[in-house]
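**Student:** below are the sequence and a predicted model for it; my questions follow.
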Amino acid sequence: MKMFGWLRKASAAEPAPEAVQPFEVAASGSYYKDFTGDKFAGGFGETQLQIRDYWTLRARSVQLFNENLYARGLIRRLLTNEINTGLTVESLPEETVIGLPEDALADWAEDVETRFGIWGRSPDVCDYRGLEGFGELQATARRAALIAGDVLVVLKQSRRYGLPQVVLVSGASVQTPYDVTGLPEGHRVVHGVELDQRGRHAAYWIRQADGMTSKRQPAHGARSGRRLAWLLYGTDNAMEETRGTPLLGLVLQSLKEVDRYRDSVQRKAVVNSMLAMFIKKGQDKIGSLPVQNSAVRHDQIETTSSDGSARSFDVSGQIPGIVMQELQHGEEPVGFHSQGTDLDFGRFEATIINAIAWAHEMPPEILTLAFSSNYSASQAAINEFKIYLNRVRTAMGAGFCQPIYQEWLVSEVLNGRIDAPGLIRAWRDPSRYDELGAWMFADWSGAIKPSTDVLKQAKGHKILVDNGWMTNARSSRELTGTKYRRNMSILKRENELKADVMRPVLELRREFGSDETADVESIISDAIEAALTEARDDG
């Protein structure tokens, strides 16, 4: 028996259902209450079984990015902080798994990073269209995924270079064809994605330019098994979802309405500035329409008063306003004041922006580029945002950069430009997945966020490194975004160059008997003076 739609009487032989807590009703037996989130009957409201309309969400998100300054600001702020000029690779092969001594592949890793960097800076080589480098491709892919929910990444092997080239396909083009035929047994197409019996992505159906035909793009090569295509998502996806939801999907209406409010306030202010005054009539008489007449036709107006006598008055044509020298009886010019221009709009706008920033794990200061807090508060905001950036960059590295890097590395080894004994054997033998992963293991890092007080941060890192709580490699990456080993290599060459430059100075010191703490400029000055004296004596 149901009571009020949310209480039902428990039978003596009926066990308590799972996830339901019993409670006592005084003097009337025991009842079970279904926990639905309501604090009282109907408190939550209607329960929706939501079905994502990807087409509408995507179209509205694209529209907002094109015409809504808040939407564009949010996407571009995220993109600038997450990708900036592009994530860079740090090759970290695991020598112990491969069976090599520690640091045996340090020089190999340096060579791989250099070669991959050259490939990434060559648009003709890495981009199928030949327009963008690898950093620009990352930004384009991430922007498309944030706005549209996902983007299809396709790799095509270049016959000219023998290397993979990247093709980005808009997520809007991945659609289920009108008539799907010839699918392998057990396969099905969901929102343009072909799934196999285990729910894995087997292929993608791309709508062609004619709008009628579709092309099937396999996810992996039929014979080679190499990765050919995959979807890059912009946000977190539910397990059962095959397509991505636009980042702006949650705040579409909020962004639209706050932008309308902003336009309304701005338009009201403009109109108020244009209406210098209006005519107030104190008597029920025919108006002289002084502003309209003067603005349209004359500088001097001839008219007849109510008693039939002729009258005239002048209007001085002054831009941007006018001065009326005579009006009809009962007409009075009244200034138009700007009350009601929504003086509280700034606080209202800030409240909405703060909520939007919070929903997207971004400090409001970074979203609005308004840093007015003290050092501690600003640093706390940056540190919180770094946590978000680390997560997103890790996901971007794994979802976009790493698959491309792996296919590039296999191609370079097959072409004989990189020597990696055992990598191809491990690539062809699934049981050697650990060895293959050890060769291809890499880390991806992005642009660092400069500290507001570099001295304090550097001192802190020095303490951590001196006590063994952090490595020089990680400290170098977090402080300057550079690689410690490469820094040491460059510093070695710089110190050798400095030693060569200082050698003549050291010789001067020995010649003039100066100690190591003597002023170099004094030594050089004394040497020049001695040389001039010797020249005068010889002359």
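**Tutor:** Structure's in. What do you need? Numbers count the residues shown, from 1 in each chain.

**Student:** mind listing the helices for the stretch 101-250 of the chain?
**Tutor:** 106-120, 123-126, 134-148 (DSSP state H, counting those that start in this stretch).

**Student:** and the second one, what does it pack against?
**Tutor:** Read it as helix 123-126. The contact analysis (3 or more Cβ pairs under 8 Å, 6 or more residues apart in numbering; DSSP states H and E) places helix 123-126 against helix 106-120, helix 134-148, strand 164-170. (Glycine included, C-beta is placed from N, CA and C.)

**Student:** sorry, back to before: for the helices of the stretch 101-250 of the chain, which one sits closest to Val62?
**Tutor:** Of all the helices of the stretch 101-250 of the chain, it is helix 134-148 that lies closest to Val62, at 5.9 Å by Cβ to Cβ.

**Student:** mind giving me the packing neighbours of that closest one?
**Tutor:** So helix 134-148, by 3+ Cβ pairs under 8 Å, 6+ apart, packs with helix 54-67, helix 69-82, helix 106-120, helix 123-126, strand 150-157, strand 164-170, strand 229-233.

**Student:** Phe40 is nearest to which of those?
**Tutor:** helix 54-67 (33.1 Å).

**Student:** could you dump the helices of the stretch 101-250 of the chain to JSON lines with mean pLDDT and distance to Tyr433?
**Tutor:** Formatted as JSON lines, those follow (pLDDT from 0 to 100; distance: least, Cβ to Cβ, whole Å):
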{"stretch": "helix 106-120", "mean pLDDT": "93", "distance to Tyr433": "20"}
{"stretch": "helix 123-126", "mean pLDDT": "96", "distance to Tyr433": "27"}
{"stretch": "helix 134-148", "mean pLDDT": "96", "distance to Tyr433": "26"}
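
**Student:** am I right that Arg262 falls within a helix?
**Tutor:** Yes - remark: Arg262 belongs to a helix, assigned using DSSP: H, G, I helix; E, B strand; the rest coil.

**Student:** was I right to think it contacts Phe345?
**Tutor:** Yes - at 7.3 Å, Arg262 and Phe345 qualify as touching, with contact defined as Cβ atoms under 8 Å.

**Student:** what's the domain layout of this structure?
**Tutor:** 2-33, 54-76+106-250, 486-538 (automatic domain parsing).

**Student:** which secondary structure element contains Arg486?
**Tutor:** Taking DSSP states H and E as the criterion, Arg486 maps to helix 484-512.

**Student:** pick the most deeply packed of the helices and strands packed on helix 123-126.
**Tutor:** helix 134-148 (a mean of 22; mean count of other Cβ atoms under 10 Å).

**Student:** OK, contacts around Gly192?
**Tutor:** Gly192 makes contact with Val174, Gln175, Thr176, Tyr204, Trp205, Ile206, Arg207, Arg243 under the criterion Cβ atoms under 8 Å, 6 or more residues apart in numbering.

**Student:** which residue ranges of the stretch 301-450 of the chain form strands?
**Tutor:** 310-316, 323-324, 331-335, 442-445 (DSSP state E, counting those that start in this stretch).

**Student:** need the pLDDT of Ala395.
**Tutor:** Listed pLDDT for Ala395 reads 93.

**Student:** any idea how far Asp259 is from it?
**Tutor:** 30 Å (Cβ to Cβ, to the nearest Å).

**Student:** what's the answer for Ala447, then?
**Tutor:** 30 Å.

**Student:** dump stretch 378-385 to CSV, restricted to CA.
**Tutor:** Extracted in CSV, the C-alpha atoms of stretch 378-385 (Å, rounded to 0.1, in the frame of the first residue of the first chain):
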residue,chain,number,x,y,z
SER,A,378,46.9,35.1,-5.3
GLN,A,379,49.4,32.3,-4.7
ALA,A,380,46.6,30.1,-3.2
ALA,A,381,44.5,30.7,-6.3
ILE,A,382,47.4,29.9,-8.6
ASN,A,383,48.2,26.7,-6.7
GLU,A,384,44.6,25.6,-6.8
PHE,A,385,44.5,26.2,-10.6
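
**Student:** list the buried residues for it?
**Tutor:** Ser378, Gln379, Ala381, Ile382, Phe385 (16 or more other Cβ atoms under 10 Å).

**Student:** next one: stretch 224-238
**Tutor:** Arg227, Leu228, Ala229, Trp230, Leu231, Leu232, Tyr233, Gly234, Thr235.

**Student:** and the third one, what does it touch?
**Tutor:** Yep, that's Ala229 we're talking about. Leu152, Val153, Val154, Leu155, Ala203, Tyr204, Gln217, Pro218, Ala219.

**Student:** try 10 Å
**Tutor:** 152-156, 167, 169, 174, 201, 203-204, 206, 217-220, 403 (Cβ atoms under 10 Å, 6 or more residues apart in numbering).

**Student:** do the same with the last one
**Tutor:** The contact partners of Thr235, taken as Cβ under 10 Å, 6+ apart, are Ala145, Leu146, Gly149, Asp150, Gly244, Thr245, Pro246, Leu247, Leu248, Gly249, Leu250, His360.

**Student:** how much space between it and Leu78?
**Tutor:** 11 Å.

**Student:** intersection of neighbour lists for those two?
**Tutor:** Leu146, Leu247, His360.

**Student:** returning to what we had before: indicate which one of the helices and strands packed on helix 134-148 is closest to Gly182.
**Tutor:** Short answer: strand 229-233, nearest of those by Cβ to Cβ, at 18.5 Å.

**Student:** and that closest one, which strands flank it?
**Tutor:** strand 150-157 (antiparallel) (DSSP bridges).

**Student:** buried residues in stretch 80-95?
**Tutor:** By 16+ other Cβ under 10 Å, the buried positions in stretch 80-95 come out as Asn81, Glu82, Ile83, Asn84, Gly86, Leu87, Thr88, Val89, Glu90, Ser91, Pro93, Glu95.

**Student:** with only the CA atoms kept, save that stretch in PDB.
**Tutor:** C-alpha atoms of stretch 80-95 as PDB (Å, rounded to 0.1, in the frame of the first residue of the first chain):
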ATOM      1  CA  THR A  80      45.800  29.700 -23.000                       C
ATOM      2  CA  ASN A  81      46.500  28.200 -19.600                       C
ATOM      3  CA  GLU A  82      46.200  24.500 -20.500                       C
ATOM      4  CA  ILE A  83      47.900  24.400 -23.900                       C
ATOM      5  CA  ASN A  84      49.600  27.800 -24.400                       C
ATOM      6  CA  THR A  85      52.200  27.100 -27.200                       C
ATOM      7  CA  GLY A  86      51.800  23.300 -26.800                       C
ATOM      8  CA  LEU A  87      52.700  20.500 -24.500                       C
ATOM      9  CA  THR A  88      56.300  19.200 -24.900                       C
ATOM     10  CA  VAL A  89      57.500  15.600 -24.600                       C
ATOM     11  CA  GLU A  90      60.100  14.300 -22.100                       C
ATOM     12  CA  SER A  91      61.100  10.800 -23.100                       C
ATOM     13  CA  LEU A  92      61.600   8.600 -20.100                       C
ATOM     14  CA  PRO A  93      62.400   5.100 -21.200                       C
ATOM     15  CA  GLU A  94      62.500   2.500 -18.400                       C
ATOM     16  CA  GLU A  95      65.900   0.900 -18.800                       C
END
